[in-house]
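> Predicted model and sequence below, questions to follow.
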Amino acid sequence: MTAALDALVAAVESALRDASLSTDRQRAEAMRPAMAALLASDDPIPAEGSEALDGAAVGNLLYADPGGRFHVLAVVFPEGTSSGIHHHGCWGVIGYLQGGDEETRYAGEGPAAGTVELAEAARHVWHQGDITYLLPEEGEGWHRVRNPGPGTGVSVHILCMTPAAHPHFFWNRDTGQTAPFPFVEMSPGRWQARLD
Ligand SMILES: [Fe+2]
């Protein structure tokens, strides 16, 4: 842990405890200053958090809430890699630490429908210091991240629930079908989303 990461975890715990915050957006906004401070820090995350897994994208676990309410991942996209189009079923706060990940958001039904049509809704190239949210309660959830380069992209994700329980689905753009896309621990603390 770094001091910035400790402070981020404390801010998340405080936001989740604060009964005056009634929506995921309000809680995400409450977490934002600590994420901004971490992204601006000289020592944001442990160095190994920025390492790919055998050249592939990976989520390196930085913190897991003992109560299973949230976890923090350093998500690494080596140059030229992409997440595929996928859905997060509960809230997230994402801060961009390094590189220029391009995120595309899609609008459409949630994955429970089985077969869905998605339309591109927005596209952003994020840079160091940028912060964005995933708010399924506002109809968000489908997105794709790719790293066109140069260099490795690293972003810090605060995501609801535990890595193993985080509701995560893949969209097959050829068939329109959705499929479970759970996070699987490939080696200790190193998680990749996998189709069953
Ligand atoms: Fe994602």
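Right, received. Where do you want to start?

> Helices of this structure, residue ranges please.
Ranges of helices in the chain, per DSSP state H, are 3-17, 24-40.

> Now do the same contact list for the most centrally placed residue in the chain.
For the chain, H157 is the residue whose C-alpha lies nearest the centre (C-alpha atoms, centre = their mean; 4.0 Å). Neighbouring residues of H157 by C-beta atoms under 8 Å, 6 or more residues apart in numbering: 59, 72-75, 92-94. C-beta here means a position set from N, CA and C on the backbone, and glycine is covered the same way.

> redo that, cut-off 10 Å
If you count contacts by C-beta atoms under 10 Å, 6 or more residues apart in numbering, H157 has them with 59, 62, 70-75, 88, 92-95, 134, 166.

> Out of these, list just those in strands.
In this view, the contacts of H157 that belong to strands under DSSP state E are 59, 62, 70-75, 88, 92-95, 134.

> for those, which one is nearest G110?
Distances from G110 to the ones in strands among the contacts of H157, taken as C-beta to C-beta, are shortest for H88 (10.4 Å).

> Would you mind measuring from the residue nearest to the closest one when sequence neighbours are not counted to W91?
In this structure, H88 finds its nearest non-sequential neighbour in L134, 4.8 Å apart by C-beta to C-beta, 6 or more residues apart in numbering. Distance of L134 to W91, given as C-beta to C-beta, to the nearest Å: 6 Å.

> Quickly list what's touching both of the two.
Shared contacts of L134 and W91, counting by C-beta under 10 Å, 6+ apart, come down to 24, 28, 140-141, 158-160.

> would CSV of those with neighbour count, pLDDT and distance to D42 be doable?
Converted to CSV, the shared contacts of L134 and W91 look like this (neighbours: other C-beta atoms under 10 Å; pLDDT from 0 to 100; distance: C-beta to C-beta, whole Å):
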residue, neighbour count, pLDDT, distance to D42
D24, 21, 98, 30
A28, 23, 98, 25
E140, 21, 90, 32
G141, 26, 91, 34
I158, 27, 98, 21
L159, 23, 98, 25
C160, 22, 98, 29
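
> closest to A34 among those?
Distances from A34 to the shared contacts of L134 and W91, taken by C-beta to C-beta, are shortest for I158, at 9.5 Å.

> quick revisit: G149 versus the residue nearest to H88, what's the distance?
In this structure, L134 and G149 are 24 Å apart, going by C-beta to C-beta.

> So for those two, which sits in the more crowded spot?
Taking other C-beta atoms under 10 Å, L134 and G149 do not tie; L134 has more neighbours (24 against 14).

> correct me, but the more buried one touches E140?
Yes: assessed by C-beta atoms under 10 Å, L134 is found in contact with E140 at 5.8 Å.

> list the residues that contact both of those two?
Common neighbours of L134 and E140, counting by C-beta under 10 Å, 6+ apart, are 24, 87-88, 91-92, 105.

> hang on, the earlier thing: list the residues that contact the residue nearest to the residue nearest to the centre of the chain when sequence neighbours are not counted.
For H157, ignoring the flanking residues on the chain, the nearest one in space by C-beta to C-beta, 6+ apart is L73 at 4.6 Å. Contact analysis of L73 by C-beta under 10 Å, 6+ apart lists 49, 58-64, 92, 94, 155-159, 163, 166, 183, 189-191.
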